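> below is the sequence, then the predicted model.
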Amino acid sequence: MSSIISHRVTNLEPSQSLVMAQRFQEMRQKGVDVVSFTLGEPDFATPNHIKDAICKAVHSDYSHYGPVAGLQSVRETISRYLLKEKHIAYAPNELILSVGAKQSICNSILALVNSGDEVIIPTPCWVSYSEMVKLAEGTPVFVKTCAETGYKLQAGELEDAITDRTKLLILCSPNNPTGSIYSASELGELVRVLERHPNMFVISDEVYAEINYIGGAPSLTEFASIQGRLIYIDSASKTYAMPGYRIGWMASKNKELIDACLTLQGQYNTCACLVSQKAAETACGGKQDCVELMRKGFTKRRELMCELASDIPNIRFAKPDGAFYLFPDVSAYYGDAIHNSDDMANYLLETAHVAVMAGSAYGEDNCIRISFSMPEDIIKKGMQRIKDALMRLKK
Ligand code: PLP
């Protein structure tokens, strides 16, 4: 019998992270002591001054509809914040606040991509890009990157993937799941390719930019030649540990695109939650000590995670430059019992009671994604379990 649900939706894959989170919860409810390394958000509490700001906004009656692009004062604050903290220059009318960065990415894709248009997505990549492209009836064109180049798209690979149907490239740096950060010169090489293809747009997803361990994350906004076709994506979610407030933003110098995204957002969402916008205004407009504090916390956990992972024979990984994930290649343990990353994730969950994300969800079946967004004692406990489980496989 044919489904009552549209092809638009039946074509989409369910989010693997949500599926894993559900399995983990079910085991926990049965009383199993499971360690979850699947968390894709900071585990730190939202800083108090941000919580106070949302309470104040509630009592100041920010409870009506607002402008589609976001409150003027909030966009002005974010515009100043981008300039001061990141040297990125966008005027308030070049910014649109949305329900997380996720909505901004989806708005941009829906506004740009026609049926049959190709969108280049380097893998490993975040799980939602391809599904959003499918929603727009576009064709995701995956370009597999490799560990030897830090899972970073090379200029030649980009050039080879471009056809006369290519509309868009989606780049993510710092990257989820690999933790790689493109250097300014690596970005420059990609920009030189883009200069040869003036009809192509680029989404630069920089939501993890503030969680970096190398003194900064270069941005595609630094390259003047592509500004008219660049969509810059940022979010309060990871930077300020407030993903549940659901505030992200896009910025673009392209007025036609901004207007199209406003039409789209105006029709299906109206505006991002106003009290959350006020909280983001406080986050971006205030002191940035909380960001530094969290970065320090993540730095310690990253060191610990890498030290423990180095102690496991036959896994290969690069120390992540940013974000809070380790993305080790565990394929040396594939064999009769375990054939791929899904088997590995199942094995670790069933036998070691550790939940990790299978690399297949991100387009790299040799790897698993291990989040280190949790306290150090949990990292130690979970990594010991993984080590024991892998050693049993090698008996
Ligand atoms: N981009 C990447 C690479 C992500 O990992 C996420 C969330 O996990 C997002 C965008 C969306 O972030 P949000 O919608 O919470 O701002």
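Thanks, I have the structure now.
> where does residue 1 land on pLDDT?
We have a pLDDT of 65 for residue 1.
> for the one 3 residues further on, same thing?
We note a pLDDT of 94 for residue 4 in this prediction.
> helices and strands around whichever helix in the chain runs longest, which ones?
The longest helix of the chain (DSSP state H) is helix 289-310. Where contact means 3 or more CB pairs under 8 Å, 6 or more residues apart in numbering; DSSP states H and E, helix 289-310 is packed against strand 325-326, helix 376-393. Backbone N, C-alpha and C define where each C-beta goes, glycine included.
> so what does the longest one touch, helix or strand wise?
Contact analysis of helix 376-393 by 3+ CB pairs under 8 Å, 6+ apart lists strand 35-36, helix 289-310, helix 341-352, strand 354-355 as its packing neighbours.
> need the winner for burial among those.
strand 354-355 (a mean of 24; mean count of other CB atoms under 10 Å).
> centre of the chain to that one, how far?
21 Å (CA atoms, centre = their mean, to the nearest Å).
> could you point out which element follows it?
strand 357-358 (DSSP states H and E).
> touching the ligand at all, that following strand?
No. Counting by CB under 6 Å from any ligand atom, the ligand has no neighbours in strand 357-358; the shortest distance is 11.5 Å.
> let me know the average pLDDT across that strand.
pLDDT averaged over strand 357-358 gives 96.
> for stretch 16-31, same thing?
On average, stretch 16-31 scores 85.
> now find how far off-centre the helix or strand where residue 234 lies is within its chain.
With elements taken from DSSP H and E, the one containing residue 234 is strand 230-235. The gap between where strand 230-235 is centred and where its chain is centred comes out at 12 Å by CA atoms, centre = their mean.
> by contact count, what packs against it?
Checked by 3+ CB pairs under 8 Å, 6+ apart, strand 230-235 has helix 100-112, strand 201-205, strand 247-251 packed alongside it.
> how about the last one, does it get close to the ligand?
Yes. Taking CB under 6 Å from any ligand atom as the criterion, strand 247-251 and the ligand are in contact, through residue 248.
> do I have it right that residue 67 meets residue 271?
Yes. In this structure, residue 67 is within contact of residue 271 by CB atoms under 8 Å, at 6.3 Å.
> helix, strand, or coil at residue 141?
Here residue 141 is recorded as strand under DSSP: H, G, I helix; E, B strand; the rest coil.
> does the ligand sit close to the lowest-mean-pLDDT helix or strand in the chain?
Using mean pLDDT, DSSP states H and E, helix 16-29 stands out as the lowest-scoring helix or strand of the chain, at a mean of 84. No. Helix 16-29 is not in contact with the ligand by CB under 6 Å from any ligand atom; minimum separation 8.0 Å.
> one step back: name the residues that touch the longest helix of the chain?
The contact list for helix 289-310 (CB atoms under 8 Å, 6 or more residues apart in numbering) reads 42, 44, 47, 49-50, 210-213, 239-241, 315, 317, 319-320, 324, 326, 328, 370, 372-374, 376, 379-380, 383-384, 387.
> related to what we said a few turns ago, would you list the strands that the strand holding residue 234 pairs with, along with their directions?
Applying DSSP bridges, strand 230-235 is found paired with strand 201-205 (parallel), strand 247-251 (antiparallel).
> looking at those strands, which is buried most?
strand 247-251 (a mean of 27).
> what separates the closest residue to the ligand within the stretch 1-150 of the chain from residue 387, distance-wise?
When scored by CB to the nearest ligand atom, the stretch 1-150 of the chain has residue 100 as its residue closest to the ligand, at 2.4 Å. Applying CB to CB, to the nearest Å, the value for residue 100 to residue 387 is 35 Å.
> contacts for the strand holding residue 234 next, please.
Applying CB under 8 Å, 6+ apart, the set of residues contacting strand 230-235 is 82, 88, 90, 100-101, 104-105, 108, 201-207, 209, 219-221, 223, 247-254, 257.
> next one: stretch 32-46
The contact list for stretch 32-46 (CB under 8 Å, 6+ apart) reads 17, 20-21, 24, 27-28, 176, 211, 237-238, 240-243, 245, 294, 297-298, 324, 349, 353-357, 369-375, 378, 381-382, 385.
> roughly how far does the residue nearest the centre of the chain sit from residue 316?
What sits nearest the mean C-alpha location of the chain, by CA atoms, centre = their mean, is residue 176, with 5.1 Å. Separation of residue 176 from residue 316 (CB to CB): 19 Å.
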